[in-house]
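*Asks:* need a 3D model of the sequence below.
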Amino acid sequence: MKKLFVSFCLVVSIFGNAQLNKGKYAGNDGATKSMEFYDDNGNLIPIGYHPNIDGTPMLYPKNGIGKIKLQSDIILLDSVLNYSLVDDKLYFIRDGKYFSFKQTVKEFTIKYVTDSSNIVIYHFKAGYPSIDNHSSSVLYELLYEGTNFQLLKWQHKKVEEQLNYGSAIEKEFVTSFVYYLYLPSKGKMEKFGLKVSLTDLKKFLPDYINKIETYSNLNKINLKKETDLILLFIFLESQ
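*Replies:* Below is the predicted model:
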């Protein structure tokens, strides 16, 4: 019973807030419609309600179920989550309202169910060296995690105006992203940019040039497809 009480206190400490009875409902289907976001002190964060903006500020239009690892190495399972690409924060959902975590999120995996009942899984991780004004607390999508290198993707959303001929100006959430390569043995980040090129890959991994050329000669690689990139990285680390 004592152990159970301690665990309960930890959960209250992590998820604690003062405004659980406030906010707008997100919808029974979990879709992010009219949303209100709160920080860990219960203060309203003005990023949630966007009635005249197309799209969503979140990673995915619906909420998902996830596993979170906090800075203290506490692990939380089966939490209803979504990740905002506007302010780059993970939120947990209670009664249709979105709340940030008191502790820094170290890593999380989130699973979404699509309208066609397929499952989409994202894995995000922090703790990487600073680059491009990104501190070590920035969360990157971890596309490939190997012993010798990791392929990362940073994503962000902002509101842009679209001027369509003969109609009013429309606003929508637009996603930007950058690919990076992390080299654990050197503790170093390398920047690909908007796409991964074989030229940059050879420059960052000179010891793998022969394997890169072998794989690219034997396979038709579409470097715009992340599945192709992952298969390439798996090959590079294979014996």
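*Asks:* please enumerate the helices of this protein.
*Replies:* 2-15, 198-204, 209-218, 226-237 (DSSP state H).
*Asks:* ok, residues contacting the second one?
*Replies:* Under the contact criterion CB atoms under 8 Å, 6 or more residues apart in numbering, helix 198-204 has outside partners Leu181, Leu183, Glu190, Phe192, Gly193, Tyr208, Ile209, Ile212, Ser216, Ile221, Leu223. Any C-beta I mention is one placed from the backbone N, CA and C, and that applies to glycine too.
*Asks:* quick one: buried ones out of those?
*Replies:* Buried by 16 or more other CB atoms under 10 Å: Leu181, Glu190, Phe192, Tyr208, Ile212, Ile221, Leu223, out of those.
*Asks:* ok, so of the residues you listed, who is nearest Lys125?
*Replies:* Using CB to CB, Leu181 comes nearest to Lys125 of the buried ones among the contacts of helix 198-204, at 14.2 Å.
*Asks:* restrict stretch 122-139 to CA atoms and write it as CSV.
*Replies:* Listed next in CSV are the C-alpha coordinates belonging to stretch 122-139 (Å, rounded to 0.1, in the frame of the first residue of the first chain):
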residue,chain,number,x,y,z
TYR,A,122,6.3,8.2,-34.0
HIS,A,123,9.3,8.2,-31.7
PHE,A,124,10.8,11.5,-30.5
LYS,A,125,13.9,12.0,-28.4
ALA,A,126,15.9,14.8,-26.8
GLY,A,127,19.4,15.1,-25.4
TYR,A,128,21.3,15.7,-28.6
PRO,A,129,24.1,18.3,-29.0
SER,A,130,23.1,21.9,-29.7
ILE,A,131,22.8,22.9,-33.4
ASP,A,132,21.0,25.6,-35.3
ASN,A,133,19.9,27.3,-32.0
HIS,A,134,18.3,24.0,-30.9
SER,A,135,19.3,23.2,-27.3
SER,A,136,19.7,19.7,-26.0
SER,A,137,16.1,19.8,-24.7
VAL,A,138,14.7,19.9,-28.3
LEU,A,139,12.8,16.8,-29.3
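*Asks:* thanks a lot, see you next time.
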